[in-house]
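Asks: just need the structure, nothing else, for what follows:
(2 chains)
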2 protein chains.
Amino acid sequence: MAQTDEKERIEQDKRLKNNLSHIKNKIIVISGKGGVGKTTVAVNLAYALSLANKRVGILDIDIHGPNIAKMLGIEQSRAASSEYGIEPIDVLPNLKAISIALLLENQDKPIIWRGPLKMGVIKQFLSDVNWGTLDYLIVDSPPGTGDEPLSAIQLIKDVTGAVIVTTPQDIAILDARKSIYFARELNIPVIGIIENMSGYICPHCHKEVNIFKKGGGESSAKDFKVPFLGSIAFEPEFVELADRGTPFVSFKKELESSKAFTRIVGRIEEFIG
Amino acid sequence: MAQTDEKERIEQDKRLKNNLSHIKNKIIVISGKGGVGKTTVAVNLAYALSLANKRVGILDIDIHGPNIAKMLGIEQSRAASSEYGIEPIDVLPNLKAISIALLLENQDKPIIWRGPLKMGVIKQFLSDVNWGTLDYLIVDSPPGTGDEPLSAIQLIKDVTGAVIVTTPQDIAILDARKSIYFARELNIPVIGIIENMSGYICPHCHKEVNIFKKGGGESSAKDFKVPFLGSIAFEPEFVELADRGTPFVSFKKELESSKAFTRIVGRIEEFIG
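Replies: I've put the predicted structure just below:
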């Protein structure tokens, strides 16, 4: 029995290595604090790259709050198995996604799992999902520096870099600093910091309101000598679009935030060279 | 060696049981999604109860993003040991707090721990912190249904109930439903749902803006037949006050959100009866 387990583990490690060898860049999106728009950034980053003709996969490693499927408008789809493994859901011809939400019967039910079980699922997502050849795998993490990002980073081994998402208020910044230390501790390059929800335009009077203050992300980037990728203003169309499953970079190109996002993607591609 | 470990475990379990026997009500504040204001709710709930002359403790079980100390303005304090165990920090004469942030040297450094280590710390917070006699212990969790809330609930055993915090947008509501299932699965009464960031008053034109839409928390409560405790509007003074470490219920009684909060506390006390 123990021998069979060991054999299966070795087989899985082989599949993992083989699978990852066809993926050129692996970017992990992290944040210290929850609710800063990590998933919005991950989804729009993946979309923007795929619109630029890259082959992109998006992997949701948030096991307790998997929102990638809903934000991509594929929450009714269910991933099936084939002779090549678990088939990810095609969002666009060159954009695939996998999430625990795409494997569950009932999306209301929570996953009440401890760390080791979560690690097992994340390993399967890397070893047994038929990603094929990709230019980019975007990994969307839950907030914090716990089991999920730690597992993903240790399993992937050659992570290209981390994108750190924050909002401008002090408490989020305090947590973003933790994310920088986390990346350094694990020897992952920090691609840069994105300041999300940076200012808000009132739809009635069109004046700017700094709901969460402003500029904290940029000054933090300076303090820690990591690149600042840009700030994205808070536009209410976001929430609407995210809830309807339509990433704004593709559907609302005229939004200030879409333009900001296109610049950010340019900087990320520059970093990767 | 194994015997000493076993003896120490039995001793710790005794201390835990004894400690908890002096705490009347144990309320856990949870949310499916991050960034919905769980910590703000926990801190203001604790403050409001202590202003009503209750003896209150606040326990931060968010190990990766511990923000209780900063929000209470005690982030410069460090918890010390005494003959009675770890001494929590006194925020008010009848309000004590403990958080991993109050035990760390450098607040920028992240805790890169997996589940079992986190469970160990949470157990210590319950068994070895000198809480004394309390009317309420408010437990602030990280988002999701993972190791931390699971550990706390299993260790406390007789949790009085869960307060579920959400924002009104669909994605947060989806995750809040998971929290309800989570509580039910673990046999904890749901005290109710709080809808946070429900509308925003523009400081320029004073018109209301529904940044995250509105009403999702209330309709979710109805669907699941759990009490709706109230909605709290988004006021920019919040962010300022939270960053400065001054809970709004105590310092800004004239704010709409403070009044909403006082009503919520009334409903919670009614539930507990």
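
Asks: hey, where'd the helices end up in the stretch 101-250 of chain A?
Replies: Secondary structure of the stretch 101-250 of chain A (DSSP state H, counting those that start in this stretch): helices at A:115-127, A:147-156, A:170-185, A:216-223, A:236-244, A:248-251.

Asks: what does the stretch 151-273 of chain A put close to chain B?
Replies: Proximity of the stretch 151-273 of chain A to chain B (CB under 8 Å from any CB of the partner chain) is limited to residues A:167, A:169-171, A:174-175, A:177-179, A:181-182, A:185-186, A:200, A:202-205, A:207, A:209-213, A:234, A:236, A:239-240, A:242-243. C-beta: built from backbone N, CA, C; applies to glycine.

Asks: quick revisit: would you turn the helices of the stretch 101-250 of chain A into JSON lines with mean pLDDT and mean neighbour count?
Replies: What follows is those, written out as JSON lines (pLDDT from 0 to 100; neighbours: other CB atoms under 10 Å in any protein chain shown):
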{"stretch": "helix A:115-127", "mean pLDDT": "91", "mean neighbour count": "20"}
{"stretch": "helix A:147-156", "mean pLDDT": "95", "mean neighbour count": "22"}
{"stretch": "helix A:170-185", "mean pLDDT": "87", "mean neighbour count": "23"}
{"stretch": "helix A:216-223", "mean pLDDT": "87", "mean neighbour count": "19"}
{"stretch": "helix A:236-244", "mean pLDDT": "68", "mean neighbour count": "19"}
{"stretch": "helix A:248-251", "mean pLDDT": "64", "mean neighbour count": "19"}
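
Asks: so which of those helices comes closest to B:His64?
Replies: B:His64 lies closest, by CB to CB, to one member of the helices of the stretch 101-250 of chain A: helix A:170-185, at 7.3 Å.

Asks: please save the CA atoms from that closest one in CSV.
Replies: Extracted C-alpha coordinates of helix A:170-185, given in CSV (Å, rounded to 0.1, in the frame of the first residue of the first chain):
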residue,chain,number,x,y,z
ASP,A,170,-2.2,52.0,5.6
ILE,A,171,-3.5,48.6,6.7
ALA,A,172,-3.3,47.2,3.2
ILE,A,173,0.2,48.6,2.8
LEU,A,174,1.3,47.0,6.0
ASP,A,175,0.2,43.7,4.6
ALA,A,176,1.7,44.3,1.1
ARG,A,177,5.1,44.7,2.8
LYS,A,178,4.6,41.3,4.2
SER,A,179,4.0,40.0,0.6
ILE,A,180,7.3,41.6,-0.5
TYR,A,181,9.2,39.8,2.4
PHE,A,182,7.4,36.6,1.5
ALA,A,183,8.5,36.7,-2.1
ARG,A,184,12.1,37.5,-1.1
GLU,A,185,12.1,34.7,1.5
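
Asks: for A:Asp5, which residues are in contact?
Replies: Contacts for A:Asp5 (CB atoms under 8 Å, 6 or more residues apart in numbering or on different chains) come out as none.

Asks: assess the claim that A:Gly132 and A:His22 are in contact.
Replies: Yes: the pair A:Gly132 and A:His22 qualifies as a contact (CB atoms under 8 Å) at a distance of 6.6 Å.

Asks: before we move on, which element is the closest residue to A:Gly146 other than its chain neighbours in?
Replies: Leaving aside its sequence neighbours, A:Gly146 sits nearest to B:His64 (CB to CB, 6 or more residues apart in numbering or on different chains; 5.3 Å). Following DSSP states H and E, there is no helix or strand that holds B:His64.

Asks: let's see the pLDDT reported for B:His64.
Replies: We have a pLDDT of 87 for B:His64.

Asks: number of residues surrounding it?
Replies: Using other CB atoms under 10 Å in any protein chain shown, B:His64 is surrounded by 26 other residues.

Asks: isn't it right up against A:Lys33?
Replies: No: between B:His64 and A:Lys33 there is no contact, the gap being 9.5 Å when judged by CB under 8 Å.

Asks: joint contacts of these two?
Replies: Common neighbours of B:His64 and A:Lys33 (criterion: CB under 8 Å, 6+ apart): A:Pro143.

Asks: among the helices of the stretch 101-250 of chain A, which is nearest B:Ile264?
Replies: Nearest of those to B:Ile264, taken as CB to CB: helix A:170-185 at 21.6 Å.

Asks: which other helices and strands contact that closest one?
Replies: Counting contacts by 3 or more CB pairs under 8 Å, 6 or more residues apart in numbering or on different chains; DSSP states H and E, helix A:170-185 is packed against strand A:23-30, strand A:161-166, strand A:190-201, helix A:216-223, helix B:68-71, helix B:236-244.

Asks: contacts for it?
Replies: Applying CB under 8 Å, 6+ apart, the contact partners of helix A:170-185 are A:30-33, A:36, A:143, A:145, A:149, A:162, A:164-166, A:189-190, A:193, A:212-213, A:216-217, A:220, A:224, A:226, B:64-65, B:67, B:70-71, B:107-110, B:112, B:242-243.

Asks: residues contacting A:Ile27?
Replies: A:Ile27 makes contacts with A:Leu45, A:Tyr136, A:Leu137, A:Ile138, A:Val139, A:Val159, A:Thr160, A:Gly161, A:Ala162, A:Val163, A:Ile191, A:Ile268, as judged by CB under 8 Å, 6+ apart.

Asks: let's go with 10 Å and repeat that
Replies: A:42, A:45-46, A:49, A:136-140, A:159-163, A:188, A:191, A:268, A:271-272 (CB atoms under 10 Å, 6 or more residues apart in numbering or on different chains).

Asks: list only buried entries from those.
Replies: Buried by 16 or more other CB atoms under 10 Å in any protein chain shown: A:42, A:45-46, A:49, A:136-140, A:159-163, A:188, A:191, A:268, A:271, out of the contacts of A:Ile27.

Asks: follow-up on the earlier one: what sits in contact with each of A:Gly132 and A:His22?
Replies: A:Arg55.

Asks: where does chain A have its least confident helix or strand?
Replies: One helix or strand of chain A scores below all others by mean pLDDT, DSSP states H and E: helix A:248-251, with a mean of 64.

Asks: by contact count, what packs against the helix or strand following it?
Replies: As assigned by DSSP H and E, the chain's next helix or strand after helix A:248-251 is helix A:256-272. Other elements packing on helix A:256-272 under the criterion 3 or more CB pairs under 10 Å, 6 or more residues apart in numbering or on different chains; DSSP states H and E are strand A:23-30, helix A:38-51, strand A:134-140, strand A:161-166, strand A:190-201, strand A:228-234, helix A:236-244, helix A:248-251.

Asks: so for helix A:256-272, what's the average pLDDT?
Replies: Mean per-residue pLDDT for helix A:256-272: 87.

Asks: list the buried residues in it.
Replies: A:Ser257, A:Ser258, A:Ala260, A:Phe261, A:Thr262, A:Ile264, A:Val265, A:Arg267, A:Ile268, A:Phe271.
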